[in-house]
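S.K.: here is my input; please provide its structure:
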Amino acid sequence: MLTEYVRSQTGIDLSKKRVLAECRLSGEMEKRGIPSVTELLKQVERDKTKNLQAMVFNCLTTNYTFFLREPKHFEFLEKVILPELMESQRILTYKIWSAGCSSGEECYTLSMLLEDYQLRGGVLPAYRIWGTDIAEPELQRAREARYPIWELEQIPSGWLRFCREEKDGRFFTLTPNIRNHVGFQRANLLDGRISQGPFDLIFCRNVMIYFDDESRKKLLNRLYRLLKPGGYLFLGHTELLTKNHVQFQYVYPAVYRKAVEETG
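M.R.: Numbering: from 1, shown residues only. Below is the predicted model of the structure:
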């Protein structure tokens, strides 16, 4: 019952992780005095605030990310996409979507890369980065832009100018010029409202690995609709599409492009 509910609402397939899913929820159920998963789902349906549903999704989704994850992707962005962007001079605002952004490290990596590119002489249009996730606690962490000090080890030395260590030496924050380009909202990838699109660039990495085939197809269709012609889609390296995929053109490992001229 629990796995069917989660699949219907989010597309996440927990059919092989049912016991793990119920274990993750057991602590919250005990704290709230809910005796069974059946009763939990009944209360979720009755809860008009959606807070209980959010708790369920927060417990069951795996939030794992870090700065500069899969660095070859960011190298491709810097060496291929940004020079193209400089030459086109047709885009007033470059829009980026980080889908499934978790605690925000991917969004801020993008912001630091673009800011550094400009400081080194690159010319870019105004840009805006939106991060969405289904887990509200992770989004709150992202909005705070406050991270454990050990995460500084993942950040290139040239980008440390964008980081400010707190007095106790345990955490650091990101500077306003990095944070001001980024916004966050809670959204379900399959049907949540994403009003900021269409986008020039979408990062949706290591998300579809949790989806069943039907939900994966639905998500790809949605990403296609929300991507501008000529825009780029970055996926995780375990989520590769066929090189002759009908919607996206393969351009680099786990990087795809929507045709400049749409047909049909």
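
S.K.: make it CA atoms for all contacts and neighbour counts henceforth
M.R.: Will do.

S.K.: got the end-to-end distance for stretch 175-182?
M.R.: 12 Å (Cα to Cα, to the nearest Å).

S.K.: got the buried residues for it?
M.R.: Buried residues in stretch 175-182, counted by 16 or more other Cα atoms under 10 Å: 178-179, 181-182.

S.K.: what about those, which are in strands?
M.R.: Using DSSP state E, Val182 are the members of these that sit in strands.

S.K.: need the buried residues of stretch 175-182 in CSV with distance to Arg225 and pLDDT, can you?
M.R.: Shown next, in CSV, are those (distance: Cα to Cα, whole Å; pLDDT from 0 to 100):
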residue, distance to Arg225, pLDDT
Ile178, 28, 97
Arg179, 27, 97
His181, 24, 97
Val182, 22, 97
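
S.K.: tell me the helix or strand right after the strand or helix carrying Ser215.
M.R.: For Ser215, the host element (DSSP states H and E) is helix 213-226. Going down the chain from helix 213-226, the next helix or strand is strand 227-235, by DSSP H and E.

S.K.: point out the other helices and strands that that following strand packs with.
M.R.: If contacts are counted by 3 or more Cα pairs under 8 Å, 6 or more residues apart in numbering; DSSP states H and E, strand 227-235 sits against strand 199-204, strand 255-258.

S.K.: what lines up beside the shortest one in the sheet?
M.R.: Paired strands of strand 255-258, with direction, are strand 227-235 (antiparallel), strand 248-252 (antiparallel) (DSSP bridges).

S.K.: output the longest one as PDB, nothing but the C-alphas.
M.R.: These are the backbone C-alpha positions of strand 227-235, laid out as PDB (Å, rounded to 0.1, in the frame of the first residue of the first chain):
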ATOM      1  CA  LEU A 227      13.500  23.000 -22.200                       C
ATOM      2  CA  LYS A 228      13.900  25.700 -24.900                       C
ATOM      3  CA  PRO A 229      14.900  24.600 -28.400                       C
ATOM      4  CA  GLY A 230      18.700  24.300 -28.400                       C
ATOM      5  CA  GLY A 231      18.700  23.900 -24.600                       C
ATOM      6  CA  TYR A 232      20.800  21.300 -22.800                       C
ATOM      7  CA  LEU A 233      19.700  18.500 -20.400                       C
ATOM      8  CA  PHE A 234      22.200  17.000 -18.000                       C
ATOM      9  CA  LEU A 235      21.400  13.500 -16.500                       C
END
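
S.K.: which pLDDT value belongs to Ser26?
M.R.: As predicted, Ser26 sits at a pLDDT of 79.

S.K.: please read the previous query as pertaining to Glu261.
M.R.: So Glu261 comes in at 67 (pLDDT).

S.K.: just Leu14 next, same as before
M.R.: Looking at Leu14, its pLDDT stands at 68.

S.K.: check the one 3 residues further on too.
M.R.: Lys17 is assigned a predicted lDDT (pLDDT) of 64.

S.K.: my read: Ala126 touches Leu92, true?
M.R.: Yes. With contact defined as Cα atoms under 8 Å, Ala126 reaches Leu92; the gap is 6.5 Å.

S.K.: one step back: tell me the most buried of the strands paired with strand 255-258?
M.R.: Most buried of the strands paired with strand 255-258 by mean neighbour count (mean count of other Cα atoms under 10 Å) is strand 227-235; its value is a mean of 21.
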